[in-house]
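Colleague: need the 3D shape of this:
(2 chains)
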Number of protein chains: 2
Amino acid sequence: MDYYSSQISRLIEELSKLPGVGAKSAQRLAFYLISRPVEEVHTLANAMVSARENVRYCRQCQTLTDTELCPICSNPARDPRTIMVVENTRDLAAYEKTGKFNGVYHVLHGAISPMLGIGPQDIRLKELILRLQGDVDEVIIATNSSLEGETTAMYISKLIKPTGIKVTRIASGVPVGGDLENIDQVTLLRALEGRMEL
Amino acid sequence: MDYYSSQISRLIEELSKLPGVGAKSAQRLAFYLISRPVEEVHTLANAMVSARENVRYCRQCQTLTDTELCPICSNPARDPRTIMVVENTRDLAAYEKTGKFNGVYHVLHGAISPMLGIGPQDIRLKELILRLQGDVDEVIIATNSSLEGETTAMYISKLIKPTGIKVTRIASGVPVGGDLENIDQVTLLRALEGRMEL
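Modeller: The predicted structure is shown next:
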């Protein structure tokens, strides 16, 4: 890239390391940043560095947060006796956006995947088991509906069942607004199995 | 976004200001950055700030560079008597990638657009005219093949013609590998007008 001067080349190179940013987008982003006011670029750079340096795992639910206890775990209005288990912080955010879940979460930071060599000890499962020694009514398993997510859900449910705590799994079926003809067979069968009386 | 802690929300917000980065990609990028080693995030942040602070316009061709004279203008092997006029630094890079052009460039940083209220005084045209007082054989106009690019090419050629310097325009036609049936009619007519004897 010697047709760009070294600082521009370096910026393009660094930007193209980001996921989903190809060579063309990296160029576009680099020239965009160069065209913005200095303070704006500083603000973005600071937000990156400061988030990276201050974000850690919540002591309780293991989500990513910049306080020792995340905003949800430290909210007295939330019910700590209902724990929803999710794979990552983005999944937590997805359920929070619904605004209807009033319990707390547990973030695994991954899912069990024998294929990728990710075992139960590689996700934050130990921390979940420790939490169950407290007062817990229900554990809702909301891992993804993928092979890894299902394996993880199965593993966790087997682990918790003996303790007598109620374990549930979010429903799998046809998404709202989904057109039956475009939905895969596995999902259609799941929806059939999970049918409810009207 | 109060389901994320403030530092994460701030990072997502800043990232989503970038062109082509929507809410979902901003989240993905934010969690990616948080998951990377601290030094890596510092490197990216520094590349951004340092490029923004040090990149300026080449004294001669007006391209973006971090030296007073860009690598191309300061290269004695390049022919300063042939100037290719482009709209921006990325277009310059596109021609440099061909490796076949041995002249120098002039970067306008825009194109004349009466619709957007961009006139000849808003692009770096004055700087081009000044350069023509030196020893110049040919000005090749390589602005885009859009309405604005064509308007700009026309304007520049009328401006330069009286000086007696040769003015040319890059060819417009069917792109190499292009399938005739998928090409718009204007391009097809251009290709016909620009036909050459075999």
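
Colleague: so which strand or helix has the closest residue in space to A:P19 that isn't next to it in sequence?
Modeller: Nearest non-adjacent residue to A:P19, counting by Cβ to Cβ, 6 or more residues apart in numbering or on different chains: B:Y32, 5.4 Å away. All C-beta atoms are positioned from the backbone trio N, CA, C, and that covers glycine. Mapping B:Y32 onto the secondary structure by DSSP states H and E places it in helix B:23-35.

Colleague: how far out from the middle of the chain is that helix?
Modeller: Centroid separation for helix B:23-35 versus its chain: 29 Å, with Cα atoms, centre = their mean, to the nearest Å.

Colleague: who touches that helix?
Modeller: A:18-20, A:48, A:51-52, A:55, A:64, A:88-90, A:93, B:8, B:11-13, B:15-16, B:18, B:21, B:41, B:44 (Cβ atoms under 8 Å, 6 or more residues apart in numbering or on different chains).

Colleague: how far out from the middle of the chain is stretch A:144-160?
Modeller: That offset, for stretch A:144-160, works out to 15 Å (Cα atoms, centre = their mean).

Colleague: the strands in chain A, which residues?
Modeller: In chain A, the strands defined using DSSP state E lie at A:56-57, A:64-65, A:79-86, A:103-107, A:138-141, A:166-169.

Colleague: the third one vs chain B: in contact?
Modeller: No - counting by Cβ under 8 Å from any Cβ of the partner chain, chain B is not contacted by strand A:79-86; separation bottoms out at 11.7 Å.

Colleague: centre-most residue in chain A?
Modeller: By Cα atoms, centre = their mean, chain A has its centre lying nearest to A:N88, at 2.2 Å.

Colleague: measure that residue to A:R131 for me?
Modeller: The gap separating A:N88 from A:R131 is 18 Å, by Cβ to Cβ, to the nearest Å.

Colleague: tell me who's in contact with the nearest residue to A:G173 once chain neighbours are set aside.
Modeller: Excluding its sequence neighbours, the residue lying closest to A:G173 (Cβ to Cβ, 6+ apart) is A:A191, at 3.6 Å. A:A191 is in contact with A:S172, A:G173, A:V174, counting by Cβ under 8 Å, 6+ apart.

Colleague: can you give me the buried ones in stretch A:10-21?
Modeller: Going by neighbour count (16 or more other Cβ atoms under 10 Å in any protein chain shown), the buried part of stretch A:10-21 is A:R10, A:L11, A:I12, A:E13, A:E14, A:L15, A:S16, A:L18, A:V21.

Colleague: those in helices, which ones?
Modeller: Among these, the members falling in helices (DSSP state H) are A:R10, A:L11, A:I12, A:E13, A:E14, A:L15.

Colleague: near chain B, list only the ones from these.
Modeller: Within those, those near chain B by Cβ under 8 Å from any Cβ are A:R10, A:L11, A:E13, A:E14, A:L15.

Colleague: my guess is the last one contacts B:T43. True?
Modeller: No - because the distance of 11.2 Å does not satisfy Cβ atoms under 8 Å, A:L15 is recorded as not touching B:T43.

Colleague: outside of the lengthiest helix in chain A, which residues touch it?
Modeller: In chain A, assigned by DSSP H, the helix with the most residues is helix A:38-54. Contacts with helix A:38-54, where a contact means Cβ under 8 Å, 6+ apart, come from A:33, A:66, B:7-8, B:10-11, B:13-15, B:17-18, B:30, B:33-34, B:36, B:38, B:41-42, B:44-46, B:48-49, B:52-53.

Colleague: if we go to 6 Å?
Modeller: With contact meaning Cβ atoms under 6 Å, 6 or more residues apart in numbering or on different chains, helix A:38-54 is reached by A:33, A:66, B:7-8, B:10-11, B:14, B:33-34, B:38, B:41, B:45, B:48-49, B:52.

Colleague: swap in stretch A:94-106?
Modeller: A:61, A:72-73, A:78-80, A:82-86, A:92, A:128, B:3.

Colleague: same list (the ones in helices among the buried residues of stretch A:10-21) but as JSON lines, adding distance to A:I183 and pLDDT.
Modeller: Output for those, formatted as JSON lines (distance: Cβ to Cβ, whole Å; pLDDT from 0 to 100):
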{"residue": "A:R10", "distance to A:I183": "47", "pLDDT": "94"}
{"residue": "A:L11", "distance to A:I183": "44", "pLDDT": "95"}
{"residue": "A:I12", "distance to A:I183": "41", "pLDDT": "95"}
{"residue": "A:E13", "distance to A:I183": "42", "pLDDT": "95"}
{"residue": "A:E14", "distance to A:I183": "41", "pLDDT": "96"}
{"residue": "A:L15", "distance to A:I183": "37", "pLDDT": "96"}
